[in-house]
Structures are given as structure tokens and as C-alpha cells.
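[1] Here you go, sequence then predicted model.
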Amino acid sequence: MKFFVLVIASIPLILWKQCSDDPNDCVCTEEFRMYLVTVIDTLGNPVDSLTTTITNDRGKQYDFSNYLPPPYMPGSYPIMTDGYQHEFGQRKEKIFFTGTKHNKEVAGEYLFNTDDCFCHVYKVSGPDTLILK
């Protein structure tokens, strides 16, 4: 019985010793992040059915045709998702959003980066709302 108690009491010590203090020891969550921009007209109404293009400063184009924003967010468009997290580093990367509809255009510039473990993208700067003019 004493042996059993000693073994049970030792489990927290064993688990504690297995923890790492290494800052590069990564554990990513199952969360999937999607950053959106809302496009409105000059009256403040959401604009649907934009033709959008998302590129970086080197000309790479991102495809978000498989990522639809929630239906309760009219006028919202993806600008970046965790699906591209491995293309970013801790250095900030410029992302350009452009949208067109009926000869009107809207544009926004964003900065994104990722964490040390390349788990998630993070929006560093850029507007949440754009106005189609």
C-alpha cells in the first residue's frame, strides 16, 4: 500500500519534469482564424457580390473561394486565413485587398505576420471597414 501511495504521489513530479521551458516548444490550437473586411457603400449599406483580389507585395494572389464568411455578415470578405500561415514569418507582410462592382472600386492595405510556431496569422494593421466609391 505504501508503494502505491508513493507511486501516486510521484506522478505530479514526473509530469512536471516533462514540461519544457523551451520557447520554441510549440502547441497549436485547433482554432482556424479568418480575417474579414466589411465593404459598405457611401450610405453605409453592406455591398455584396464584389469581385475581389487579394495579393501580397510580391504579386502572389491568394484564393479564398472556399472560405465563405458567415451569412449573418453581409458585405464581408476574407482577406487572410490560417490556411496561409506557413507563408508568413514574424516579419510583417503587406497584403492588398481590392474589390470592384459596377465600375466602382475599393482598396485596402494590411500587414500580417504569424507567431513563432506558424500556428496562426495575425492582423497587425489595416481597416475593418472599407467604403466602395
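    It's in. Residues are numbered from 1 along each chain as shown.
[2] got the residue ranges for the helices in this structure?
    2-18 (DSSP state H).
[3] lowest-pLDDT helix or strand in it?
    helix 2-18 (a mean of 46; mean pLDDT, DSSP states H and E).
[4] ok, P127 touching V37?
    Yes - between P127 and V37 a contact is recorded at 6.8 Å, counting by Cβ atoms under 8 Å. C-beta coordinates here come from the backbone N, C-alpha and C atoms, glycine included.
[5] R91: neighbour count?
    8 (other Cβ atoms under 10 Å).
[6] Show the contacting residues for the nearest residue to it once chain neighbours are set aside.
    Of all residues not flanking R91 in the chain, N113 sits nearest, at 6.5 Å (Cβ to Cβ, 6 or more residues apart in numbering). Counting by Cβ atoms under 8 Å, 6 or more residues apart in numbering, N113 touches 88-93, 121-122, 124.
[7] Tell me the one of those residues nearest S76?
    Proximity of those to S76 (Cβ to Cβ) peaks at V121, which lies at 17.1 Å.
[8] ok, how many other residues are close to the nearest residue to P127 once chain neighbours are set aside?
    With sequence-adjacent residues excluded and distances taken as Cβ to Cβ, 6+ apart, P127 is closest to G108, at 5.3 Å. A total of 19 residues lie near G108 under the criterion other Cβ under 10 Å.
[9] Look up how far Y35 lies from G108.
    Noted for G108: a distance of 11 Å to Y35, by Cβ to Cβ, to the nearest Å.
[10] Overlap in contacts, the two.
    I79.
[11] quick one: terminal-to-terminal distance for stretch 39-49?
    Length of stretch 39-49, first residue to last, Cα to Cα, to the nearest Å: 10 Å.
[12] mind listing what's buried in that stretch?
    Using 16 or more other Cβ atoms under 10 Å as the test for burial, stretch 39-49 gives 39-40, 47.
[13] Right, I'll call it a day here.
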